[in-house]
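Asker: dropping the sequence and predicted coords here.
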Amino acid sequence: MCYHPPLMNMQRFAPLFMLLVILSLLAAIWAGLLRIGWVWPPLRPSLAALHGPLMVSGFLGTLIGLERAVALRRDWTYLSPLLTGLGGILLIAGFVQPAIILITFGSAVLVAVSVVIVRHEWALHTVTMGAGAVAWLVGNMIWLFGLPLYQASYWWAGFLLLVIAGERLELSRVLRLTKRTTRLFGLAAGLFGVGLLLSLVAYSAGIRLASLGVVALALWFGRYDIARRTIRRPGVTRYIALNLLMGYAWLAVSGLIGLAYGTLVAGPAYDAWLHTLFLGFAFSMIFAHALIILPAVLGVTVTFHRGFYLPPILLHISLLMRVAGDLLPQQTLRQWGGLLNAVAILLFALIIILNIVRNKVKANE
């Protein structure tokens with residue numbers, strides 16, 4: 001999505017915003033390894049409890065906010081990634097309450113950004129992405145008011161799911177979707193949204209309804225997303241399509257877990273639900289889109305090569321290990337799966353960094 005109001009000055013600070021994103025990601029990975037049972041030297045004793053907020057709001061929320069700001073090209077929109085990025089740093093430093101306030105205000109700014117986008121183009125995909133921003137704000141307000149974090153996690157899941165779903169719907173318009181097909185998307189997304197709202201008063205029933213919406217969205221993407229066609233093309237196009245389709249498969253698994261268990265508040269099944277969505281789905285989307293987003297945000301060159309397949313392969317194998325360890329249950333398998341999840345993400349980041357550096361060296365020769 002591209003909008004072109006007058007040019008701004010804030011984009012030159014995009015590398016600094018990305019630094020905030022990376023710091024939150026690294027801290028979230030470290031906290032996740034502590035949480036899953038690995039005995040690492042903690043940066044802080046309470047860091048493990050902040051794994052989810054760091055990953056969702058410090059890393060993913062700041063990244064999405066930065067992407068929106070670059071697309072909209074207005075200085076004020078950078079306030080969202082600035083506030084959430086700084087909030088992530090405060091979480092790492094141990095200033096939790098000020099961090100929550102900054103992150104909540106940052107998500108409110110993203111809602112305002114979404115309103116501008118919807119007013120610019122009223123369409124199902126922009127409304128869906130805007131609903132995702134609202135879900136993030138609601139989740140952060142649940143966190144701010146001290147309610148159980150598992151309640152916030154479902155709204156945070158809604159943030160990622162609806163934002164990504166809206167983006168994929170927008171890209172699928174080149175297929176000239178029929179009105180019936182578009183309505184099916186709206187029905188699936190609406191089912192998920194109604195389930196989230198219902199969870200506020202009838203938790204188990206709401207989660208099951210939302211999970212039904214998740215499965216419906218996964219099936220919709222598996223049937224109608226453009227990736228079904230582009231997977232036949234070679235090179236980077238096939239790589240992107242494979243990541244997307246694997247992400248939809250994990251999304252369906254996450255929805256099925258939610259349907260099966262209903263009230264998920266803690267424990268191995270909750271871990272399986274969380275990570276099939278936040279790792280299997282969300283990071284598959286990141287692996288797919290990073291080669292497009294990073295050049296747009298940072299003005300760098302990323303050249304595709306077959307080595308990019310290694311992190312997704314490792315991610316999916318290790319996530320299978322983790323989910324099997326959750327559901328059997330088998331703690332050792334779960335722990336090793338979690339560790340290899342982290343390795344897959346770090347390997348992808350390393351490949352990207354080396355690729356950018358190599359291309360810059362070539363350009364300067």
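Answerer: Looks like it arrived, so ask away.
Asker: low-confidence ranges in the chain?
Answerer: 1-8, 11, 42-45 (pLDDT under 70).
Asker: what packs against the longest helix belonging to the chain?
Answerer: Counting residues, the longest helix found in the chain (DSSP state H) is helix 331-364. Secondary-structure packing of helix 331-364 (3 or more CB pairs under 8 Å, 6 or more residues apart in numbering; DSSP states H and E): helix 14-36, helix 268-275, helix 282-298, helix 310-327. C-beta: built from backbone N, CA, C; applies to glycine.
Asker: any buried residues in it, and which?
Answerer: Going by neighbour count (16 or more other CB atoms under 10 Å), the buried part of helix 331-364 is 333-342, 344-345, 347-349, 351-352, 355-356.
Asker: what about residue 237, how many neighbours?
Answerer: Using other CB atoms under 10 Å, residue 237 is surrounded by 15 other residues.
Asker: whoops, residue 37 was the one
Answerer: Burial of residue 37 is recorded as 13 neighbouring residues (other CB under 10 Å).
Asker: just residue 41 next, same as before
Answerer: Close neighbours of residue 41, defined as other CB under 10 Å, add up to 6.
Asker: would you mind measuring from it to residue 102?
Answerer: Distance, residue 41 to residue 102, using CB to CB, to the nearest Å: 27 Å.
Asker: got the angle between the longest helix of the chain and helix 268-275?
Answerer: Interaxial angle of helix 331-364 relative to helix 268-275 (axes from the mean of the first three to the mean of the last three CA atoms, to 10 degrees): 10 degrees.
Asker: could you look up the SS state of the closest residue to residue 236 other than its chain neighbours?
Answerer: Once flanking residues are discounted, residue 236 sits nearest to residue 304: 3.8 Å by CB to CB, 6 or more residues apart in numbering. Put simply, residue 304 is coil when judged by DSSP: H, G, I helix; E, B strand; the rest coil.
Asker: mind listing what residue 304 touches?
Answerer: 235-236, 239, 291 (CB atoms under 8 Å, 6 or more residues apart in numbering).
Asker: could you do residue 292 as well?
Answerer: residue 240.
Asker: and the gap between it and residue 300?
Answerer: In terms of CB to CB, residue 292 sits 12 Å off from residue 300.
Asker: same check on residue 179?
Answerer: Shown here: residue 179 relative to residue 300, a distance of 40 Å by CB to CB.
Asker: settle it for me: which of those two has more neighbours?
Answerer: residue 300 (16 against 7).
Asker: not counting its neighbours along the chain, what's nearest the more buried one?
Answerer: residue 356 is the one closest to residue 300 (CB to CB, 6+ apart), at 4.8 Å.
Asker: tell me the angle of the helix or strand containing residue 213 relative to helix 268-275?
Answerer: Assigned by DSSP states H and E, residue 213 falls within helix 203-224. Counting by the same axes, to 10 degrees, helix 203-224 lies at 40 degrees to helix 268-275.
Asker: and residue 319, how many neighbours?
Answerer: With other CB under 10 Å as criterion, residue 319 counts 25.
Asker: nope, residue 202 is what I was after
Answerer: Residue 202 sits with 11 neighbouring residues when counted by other CB under 10 Å.
Asker: now the helices: where do they sit in the stretch 51-200 of the chain?
Answerer: 51-53, 62-72, 79-93, 96-120, 124-144, 149-171, 179-199 (DSSP state H, counting those that start in this stretch).
Asker: hmm, back to that, quick check on the contacts of residue 304: which are buried?
Answerer: Among the contacts of residue 304, those buried by neighbour count (16+ other CB under 10 Å) are 236, 239, 291.
Asker: just to revisit the earlier point, can you tell me which of the helices and strands packed on helix 331-364 is nearest to residue 262?
Answerer: Taking CB to CB, helix 268-275 is the member of these nearest to residue 262, at 10.0 Å.
Asker: next, the angle from the closest one to helix 14-36.
Answerer: 170 degrees.
Asker: report the angle between helix 268-275 and helix 310-327.
Answerer: Relative orientation of helix 268-275 and helix 310-327, computed by the same axes, to 10 degrees: 160 degrees.
Asker: re earlier: I'd like to know which of the buried ones among the contacts of residue 304 is nearest to residue 319.
Answerer: residue 239 (18.4 Å).
Asker: give the buried residues for the helix or strand containing that closest one.
Answerer: When elements are assigned from DSSP H and E, residue 239 belongs to helix 236-261. Of the residues in helix 236-261, 236, 238-259, 261 count as buried by neighbour count, 16+ other CB under 10 Å.
Asker: what about residue 328, how many residues close to it?
Answerer: Residue 328 - counted by other CB under 10 Å - has 11 other residues nearby.
Asker: how about it, phi and psi?
Answerer: Note on residue 328: backbone dihedrals following degrees, to the nearest 10 are phi -70, psi -50.
Asker: go on, residue 178?
Answerer: phi -70, psi 160.
Asker: for residue 38, same thing?
Answerer: The phi/psi pair for residue 38 (degrees, to the nearest 10) is phi -80, psi 140.
Asker: from what I can see it touches residue 337, true?
Answerer: No. Under the criterion of CB atoms under 8 Å, residue 38 makes no contact with residue 337, lying 11.7 Å away.
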